[in-house]
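*Asks:* Give me the fold of what follows.
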Amino acid sequence: MKTQILALTTIFLVSLSLNAQDNRIIEGNQLYTDGNYPKAIEMYNGILQSGLESAELYYNLGNAYYKDGQLPEAILNYERALLLAPQDDDIRYNLELANSQTADEIEQVGTFFLTRWFQNFRNLNDSDGWALYAIVMFLFFLTGLGLYFFGNRVALKKAGFSFAILFLIASGIFFGFSSHQKSKLVERNHAIIFTPTVNIKSSPDQSGTDLFVLHEGAKVQLLSKLGEWWNIKLQDGSEGWIHEADVEVI
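*Replies:* Next up, the predicted model:
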């Protein structure tokens, strides 16, 4: 009896908490609609600090920052939203729009068109979505295997075996996609520059030679860390060192 009461109490408290969070999101959205972007930013950040995280929340926060003229913060939150929902075209469009307004024009190293097509296809779903597809394909694989072992006709056995192999391959591919999207969420090996202008060094020290200059809003890949310095890489292949205070990890 005590266990049941505790369970019901827990469910009730969780429901109250979720309802309160929903009300705060609605309030934040209304502040954004009213043009009160600083208050909307404060509201959205408060929700994030309470532990709730979603692509929609990061997207709304990115929009509020963008409208408030805070470009690096907008890009950061669009990137975080895209990690959770890589298939969302609205997030991708707004991120590209914000990136077009940064000072640095970094050309990406040429990518083979099949590789680019493969990457775009992988971004059509998030980790949970691909995992669901993998499970469904595996169930189809088991069905095909059942037809192969228990079918009473040779043609049925052959078809069952062929389909089992195809579904097993598809399940493996979708599982690989899910694992890749999950690793991007866990590793967080990219960052956005928040300092208006920063010199990228040849070594992890202020006395290092200046290699090139980057500006706020630029996205960098984090390769390794030494003390308070990050070894970074750009899309064009350039590498250097930047102080951790100048970047915010996505």
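
*Asks:* only C-alpha atoms for contact and neighbour calcs from this point on.
*Replies:* Noted.

*Asks:* who's in contact with Asn45?
*Replies:* Leu61 (Cα atoms under 8 Å, 6 or more residues apart in numbering).

*Asks:* I misspoke; the intended subject was Ala85.
*Replies:* Ala85 neighbours (Cα under 8 Å, 6+ apart): Ala55, Asn125, Asp126.

*Asks:* so which of those residues would you say is closest to Phe112?
*Replies:* Asn125 (21.8 Å; Cα to Cα).

*Asks:* Skipping its backbone neighbours, what lies nearest the closest one in space?
*Replies:* Counting by Cα to Cα, 6 or more residues apart in numbering, Gln87 is the residue found nearest to Asn125 once chain neighbours are left out, at 5.2 Å.

*Asks:* Determine the three-state secondary structure at that neighbour.
*Replies:* Under the three-state scheme (DSSP: H, G, I helix; E, B strand; the rest coil), Gln87 adopts coil.

*Asks:* Ramachandran angles for it?
*Replies:* phi -90, psi 0 (degrees, to the nearest 10).

*Asks:* Would you tell me what the next helix or strand after the lowest-mean-pLDDT helix or strand in the chain is?
*Replies:* Within the chain, confidence by mean pLDDT, DSSP states H and E is lowest for helix 2-33 among all helices and strands, at a mean of 63. Once helix 2-33 ends, the next helix or strand along the chain (criterion: DSSP states H and E) is helix 37-49.

*Asks:* which stretches of the chain form helices?
*Replies:* 2-33, 37-49, 55-67, 71-84, 89-99, 113-122, 127-150, 154-187 (DSSP state H).

*Asks:* neighbouring contacts of the third one?
*Replies:* The reference is to helix 55-67. Contacts of helix 55-67 (Cα under 8 Å, 6+ apart): 25, 29, 32, 37-38, 40-41, 44-45, 71, 73-78, 80-85, 91, 98.

*Asks:* give the contact list for Leu214.
*Replies:* Asp104, Ile193, Thr197, Val198, Asn199, Ile200.

*Asks:* OK, contacts around the residue nearest the centre of the chain?
*Replies:* The chain has Leu83 as the residue nearest its centroid, 0.6 Å off, counting by Cα atoms, centre = their mean. Contact analysis of Leu83 by Cα under 8 Å, 6+ apart lists Ala55, Gln181, Lys184, Leu185.

*Asks:* confidence score at it?
*Replies:* The per-residue pLDDT reported for Leu83 equals 94.
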